[in-house]
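Participant: Turn this into a model:
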Amino acid sequence: MGREHSGRITEVQRMMDEQGIDIALVFTSDEHSSEYIDDHYKLREYLTGFTGSAGSLLIRRDRALLWTDGRYFIQAGKELSGSGTELMKSGMPGVPTLMEYIRKAADEAYAKGGKLRIGTDLKLITGKFCNELLAMKDKGVKIKDIDIAAAVWKDRPRITHNRIYGLPDETAGKSTGEKLSELRKYLEKISADSVIISDLGSVMWLFNIRGSDIMYSPVAYSYGYVDREGAYLFAEGSCVDEELRSRLLASGTEVKEYDDFYDHLSWLKGMKTVCDPATLNAYAYSLIRKNELIERPAYHYIKKHIKNETERKLARDRHVEDGLALTRFIYRIKKAVKEGEISGKRTDEHEAAVILDKMRGEIQGNRGLSFETISAYGSNGAIVHYSPGITGSAVLKPEGFLLVDSGGQYEGATTDVTRTIALGKLTEDMKLDYTAVLKGMLDLSDAVFPEGIRGENLDVLARRPIWERFTDYRHGTGHGVGAMLNVHEGPQAIRCRIDPDNQQPPLSEGMITSDEPGIYIEGKYGIRIENLLLCTLKKTNEWGRFLGFDTLTLVPYEREAIVVTQLTERQKRLINDYHRTIYYLYSPRMDREEREWLAEVTAQI
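Facilitator: Sure, this is the predicted structure:
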């Protein structure tokens, strides 16, 4: 496959020669800056063979470079092998950022009296990124809007447009009319006339609708527009039935065709318009840039990250059902591996994922997975976003760890949980590393902090036990999670490196955020433990409001992997209280064998 992808890069370079382009940029994106995208938009994967969800491809006349983050270093190294595309490990010493690389190329061209001509599809980059490129105009940088996919991708899949359905108000917790009213109050407060909503999760949340255009994400390709008088949903008309149209119309929302969105923007001249250039694509941004714009992050006016009381209750309820299924899966997979050693009937990583996916699908209210299940045994666990194939999956043995990261979409809630499962004999290093990860996860979940604290302030709680092992992990500690929406949802995050260009809001009551530290030993094993946390008010006094977390995820930890002497008394109490709750909730719903096993794995330490 490497030679095939190398040939595709050559086709792009041939097109660059014809059009006088020095650099071609291909991002992992659709027209809405989505993290996960429809196959129609997977040009970067088509050109390079790299299948990860994050990566930026830069092509020059004589070379191709791909930037990705630490989650994908091992995977990208394997998938890019033989393709001729160089891996740029983002964040590593000596590796420039994509923008730093472009600036250097612009300086070099300028010093020689030339210009750097950049070609990219403006619908697939953000207005914010385009502005950064335009800021180099004085260095001779020129941008050309090119549909690279149309030029080189002959069998490109068509864009997916599936049925759009309404989410009941009793599930959403607030009607579309109420949300529109609150949004208009915001417009009035900042003296704006209108707002453009391009992020798919925000459109779904505002209009209380859902779809299935992107695998694992209950969203539909659409745009939203709201002004002081009315609202428009731009969506594929054939996907909106009359019942939903009537319901939307009752809220003051008219449905227009998805392809009419750009034409609509040309009618906004003279209007004071709110937009988020970090999600609005550069082509759309170019159509309104001469207007009086108020550029604000979408979370200022789309409050999907602050779960209302209904969403919080649904999250708690769905996590109980989701956790019960995963707990039963752990029992089942341990038993299958143990019995397989005797019978000779072995289970592999892929089969394990299929078993869990099926169990989750049988839960009432399940709407599918929230992402592709990661089932990684042994050394594969060190590949952060590893997914097992139907062929070539590792056979599970009664030794070492099986790392399973999985989640589901449910009516009103989204889950995301990771457990590192001990299948048998463990080394002392495995136990010490597991204990360090567990300690970090517990310490973060037990945090109490004054209102106004951001995720960056708390990240050290999760990393300290891992740093004390003189190691680290190359991914964030926590990400926001939607309510029957995207499993990775901003704006909040918990991470150790502060990005001055991406200021987060403080952690607030009602946010759901993951807590997932890890240790990854390449070629040996990976350990990650992940719970979802609901930010709640703990106390109000003369010092202000103090917040903390309630743990939503309810799945046992691996007692046999814990080095108890490494735990503090507080950490022991957290584990014991957690396991006591699990046994209380799940034991009445289990058969005798499951119940006996659960009593053992949740026994007090």
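Participant: can I assume Ala493 sits in a strand?
Facilitator: Yes: checked against DSSP: H, G, I helix; E, B strand; the rest coil, Ala493 lies within a strand.
Participant: wait, doesn't it sit right on Gly478?
Facilitator: Yes: assessed by C-beta atoms under 8 Å, Ala493 is found in contact with Gly478 at 6.2 Å. Every C-beta, even on glycine, is put in place using the N, C-alpha and C of the backbone.
Participant: between those two, what contacts are shared?
Facilitator: Residues touching both Ala493 and Gly478 (C-beta atoms under 8 Å, 6 or more residues apart in numbering) are 455, 513.
Participant: And these two? Which one has more around it.
Facilitator: Gly478 (25 against 22; other C-beta atoms under 10 Å).
Participant: And for the closest residue to the more buried one other than its chain neighbours, the neighbour number?
Facilitator: The shortest distance from Gly478 to any residue other than its chain neighbours is 3.3 Å, reached at Ile494 (C-beta to C-beta, 6 or more residues apart in numbering). By other C-beta under 10 Å, 27 other residues sit near Ile494.
Participant: who touches Ile494 in this structure?
Facilitator: Residues near Ile494 by C-beta under 8 Å, 6+ apart: 444, 455-456, 458-459, 462, 476-479, 513-515.
Participant: let's see it at 10 Å
Facilitator: Shown in contact with Ile494 (C-beta atoms under 10 Å, 6 or more residues apart in numbering): 444, 447, 454-459, 461-462, 476-480, 504, 507, 513-517, 533.
Participant: Just the pLDDT at it, thanks.
Facilitator: On pLDDT, Ile494 comes in at 96.
Participant: Check Lys112 too.
Facilitator: With respect to pLDDT, Lys112 has a value of 86.
Participant: Next, the buried residues of the top helix by length along the chain.
Facilitator: When the chain is parsed with DSSP state H, its longest helix is helix 309-343. In terms of neighbour count (16 or more other C-beta atoms under 10 Å), helix 309-343 has its buried residues at 310-312, 314-315, 317-334, 336-337, 340.
Participant: same check, this time on stretch 385-403
Facilitator: Neighbour count says stretch 385-403 has 385-388, 393-394, 396-397, 400-403 buried, by 16+ other C-beta under 10 Å.
Participant: Which positions in stretch 570-583 come out as buried?
Facilitator: Those would be 571, 574-575, 578-579, 582-583, for stretch 570-583 by 16+ other C-beta under 10 Å.
Participant: For these, give me TSV that also has distance to Ile498 and secondary structure.
Facilitator: Shown next, in TSV, are the buried residues of stretch 570-583 (distance: C-beta to C-beta, whole Å; DSSP: H, G, I helix; E, B strand; the rest coil):
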residue	distance to Ile498	secondary structure
Gln571	28	helix
Leu574	28	helix
Ile575	32	helix
Tyr578	31	helix
His579	36	helix
Ile582	36	helix
Tyr583	41	helix
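Participant: which of those sit farthest apart?
Facilitator: Gln571 and Tyr583 (18.8 Å; C-beta to C-beta).
Participant: Could I get the full set of helices for the stretch 1-150 of the chain?
Facilitator: Per DSSP state H, counting those that start in this stretch, the stretch 1-150 of the chain carries helices over the ranges 2-19, 43-48, 73-79, 98-111, 127-134, 148-152.
Participant: Quick check: which helices or strands does the fourth one pack against?
Facilitator: Applying 3 or more C-beta pairs under 10 Å, 6 or more residues apart in numbering; DSSP states H and E, one finds that helix 98-111 contacts strand 23-27, strand 56-60, strand 64-68, strand 117-120, helix 127-134.
Participant: returning to what we had before: next one: the longest helix of the chain to chain centre, how far?
Facilitator: Centroid separation between helix 309-343 and its chain, computed with C-alpha atoms, centre = their mean, to the nearest Å, is 22 Å.
Participant: what's the following helix or strand after it?
Facilitator: Moving toward the C-terminus from helix 309-343, the next helix or strand (DSSP states H and E) is helix 349-361.
Participant: mind listing what's buried in that next one?
Facilitator: By 16+ other C-beta under 10 Å, the buried positions in helix 349-361 come out as 349-357, 359-360.
Participant: Could you save those residues as a markdown table and add columns showing distance to Thr373 and pLDDT?
Facilitator: Below are the buried residues of helix 349-361 laid out as a markdown table (distance: C-beta to C-beta, whole Å; pLDDT from 0 to 100):
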| residue | distance to Thr373 | pLDDT |
| --- | --- | --- |
| Glu349 | 10 | 96 |
| His350 | 10 | 95 |
| Glu351 | 12 | 95 |
| Ala352 | 9 | 96 |
| Ala353 | 4 | 96 |
| Val354 | 9 | 96 |
| Ile355 | 10 | 97 |
| Leu356 | 6 | 97 |
| Asp357 | 6 | 97 |
| Met359 | 11 | 97 |
| Arg360 | 9 | 97 |
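Participant: Skip the chain neighbours and tell me the closest residue to Asp39.
Facilitator: According to C-beta to C-beta, 6+ apart, the nearest residue to Asp39 is Pro157 (4.5 Å).
Participant: Met517: how many residues sit nearby?
Facilitator: Quick fix: residue 517 is Pro, not Met. Other residues near Pro517 come to 31 when the count uses other C-beta under 10 Å.
Participant: Tell me the spacing between it and Ala413.
Facilitator: Per C-beta to C-beta, to the nearest Å, Pro517 is found 24 Å from Ala413.
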